[in-house]
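> Okay, here's the prediction I keep looking at, along with the sequence it came from:
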Amino acid sequence: MCYLIIFIVCVCLKSLHLFRHIAIRILTFPEKIDLIAVAETGSGKTAAFLIPLIYRLLEAKKKGEIKNKNQTLTYFPIALILLPTQELAQQTYLEVLKLAYRTPLVPALIHGGQDNYAPQVDTFTLGCDILVATPLRLIEMTKNSDIDLSQCTFLVMDESDRLLDSDFAKQTGTIIQQLPAKEERTTVMFSATYNKKVDGLVEKFLNNNHFKLTITRALPAKLSQEFYWVEENDKYGKLLGVLNKLFKIETSKIIIFANNKSTCNNLKTQLENDNYNCLLFHADVSGSRDHILDDFKSGKIRILIASDALARE
């Protein structure tokens with residue numbers, strides 16, 4: 001890990017009063033893992049994608065993985081942040097400027113408007129590592145060979161639900177076709193809503209190992225969240241470690257959610273083989289559900305393995 005890079009990012013975060021979030025922002029984004037996130041306005045999502053993005057670009061530059069391929073009259077951004085409107089693009093660009101301050105990364109901004117095409121191109125002479133753009137102007141600049149997206153290995157789509165709707169879908173598709181294949185880039189999609197239409201398009205843009213999360217403004221005061229990124233064959237071992245830690249708290253009660261009934265059954269068998277008594281709660285469980293929940297609430301049995309059927313109770 002490059003301590004100089006961390007120092008530079010920390011200086012920027014401290015000036016923005018975001019220092020206390022640095023570990024969360026940097027360490028919870030595994031390398032080369034795509035993300036689809038549902039995030040409401042004011043949830044801090046801009047910093048959530050900018051901080052790890054800037055960190056990873058600085059790391060890549062340090063290792064020589066990113067080389068300046070800008071040529072006369074054509075510029076090759078490393079990262080693209082795509083937004084649906086001029087106002088959002090301008091707001092995001094200001095955040096990039098703050099967070100990239102005192103780093104060798106140079107952001108650039110392009111958006112539609114009258115008599116601003118040439119002035120925007122002129123700013124590229126300063127650099128164009130991170131490009132903040134709206135779709136139509138970006139397409140215009142790629143057609144004119146002012147911008148080339150073939151080296152752009154980081155894509156952020158903010159308000160992706162709007163970028164993928166009927167008004168923007170064709171433009172967004174045109175832009176993505178000019179990027180490296182999804183296997184060769186990292187893609188992050190933020191959406192205010194998550195519906196079947198967005199879900200159906202995710203497979204086109206994200207790698208199979210992508211993950212989904214929801215970002216909210218704040219957690220209840222007594223609730224904390226931890227996220228662990230583990231390989232499939234390490235998952236059970238990590239779970240045992242978490243259970244051992246939680247069982248040291250005598251009053252702790254634990255709910256483990258699994259995505260289907262078969263997984264619930266298999267997990268119960270595994271844990272009981274490791275001397276953990278468990279309750280099981282899903283649609284096929286016979287007997288009184290109230291009795292199961294009473295045993296759990298009373299602490300008689302401290303682990304409840306459940307499917308989404310529990311959410312409906």
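Good, I have the coordinates. Numbers count the residues shown, from 1 in each chain.
> Next, the buried residues of the helix or strand encompassing Glu59.
Using DSSP states H and E, Glu59 maps to helix 45-62. Using 16 or more other C-beta atoms under 10 Å as the test for burial, helix 45-62 gives 45-61. All C-beta spots, glycine's among them, are computed from the backbone N, C-alpha and C.
> shaky segments in this protein?
Within the chain, the ranges that satisfy pLDDT under 70 run 1-31, 39-45, 65-72, 197-198, 215-223, 286-287, 308-313.
> Now do the domain split for it, please.
1-214, 232-307 (the TED database).
> Mind listing the residues bridging to the spatially most central residue of the chain?
Taking C-alpha atoms, centre = their mean, the centroid of the chain lies closest to Leu35, which sits 4.1 Å from it. Beta-bridge pairing of Leu35 under DSSP bridges involves Val188, Phe211.
> so it makes contact with Asn207?
No - with contact defined as C-beta atoms under 8 Å, Leu35 does not reach Asn207; the gap is 10.3 Å.
> Now list whatever residues contact both of these two.
Residues within reach of Leu35 and of Asn207 at once, by C-beta atoms under 8 Å, 6 or more residues apart in numbering, are Thr187.
> Show me what whichever helix or strand Arg162 is part of is packed up against.
Using DSSP H and E, Arg162 sits within helix 160-163. Applying 3 or more C-beta pairs under 8 Å, 6 or more residues apart in numbering; DSSP states H and E, one finds that helix 160-163 contacts strand 186-191.
> What angle do strand 186-191 and the helix or strand that the strand it packs on is followed by make with each other?
The element immediately downstream of strand 186-191 (helix or strand, assigned by DSSP H and E) is helix 196-205. Angle of helix 196-205 versus strand 186-191, following axes from the mean of the first three to the mean of the last three C-alpha atoms, to 10 degrees, is 170 degrees.
> How about residues contacting helix 196-205?
Applying C-beta under 8 Å, 6+ apart, the external contacts of helix 196-205 come out as 36, 157, 160-161, 164-165, 176, 182, 187, 189, 191, 210.
> hmm, back to that, report the contact partners of the residue nearest to the centre of the chain.
Applying C-beta under 8 Å, 6+ apart, the residues contacting Leu35 are 29, 187-189, 206, 210-213.
> For the stretch 51-200 of the chain, just list every one of the strands.
79-82, 107-110, 130-133, 154-157, 186-191 (DSSP state E, counting those that start in this stretch).
> TSV please, covering those and showing distance to Thr172.
Formatted as TSV, the strands of the stretch 51-200 of the chain follow (distance: least, C-beta to C-beta, whole Å):
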stretch	distance to Thr172
strand 79-82	7
strand 107-110	15
strand 130-133	11
strand 154-157	7
strand 186-191	11
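> would you turn these into CSV with mean neighbour count?
Converted to CSV, the strands of the stretch 51-200 of the chain look like this (neighbours: other C-beta atoms under 10 Å):
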stretch, mean neighbour count
strand 79-82, 25
strand 107-110, 24
strand 130-133, 26
strand 154-157, 23
strand 186-191, 23
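> Go ahead and confirm Asn260 touches Ser307.
Yes - using C-beta under 8 Å, Asn260 is in contact with Ser307, at 6.6 Å.
> more crowded one of those two?
Ser307 (21 against 11; other C-beta atoms under 10 Å).
> Spatially nearest residue to the more buried one, not counting backbone neighbours?
Leaving aside its sequence neighbours, Ser307 sits nearest to His282 (C-beta to C-beta, 6 or more residues apart in numbering; 3.9 Å).
> where's that neighbour relative to Ala258, distance?
Relative to Ala258, His282 is positioned 8 Å away (C-beta to C-beta, to the nearest Å).
> Can you check which residues contact both of those two?
Joint contacts of His282 and Ala258 (C-beta under 8 Å, 6+ apart) are 264, 306-307.
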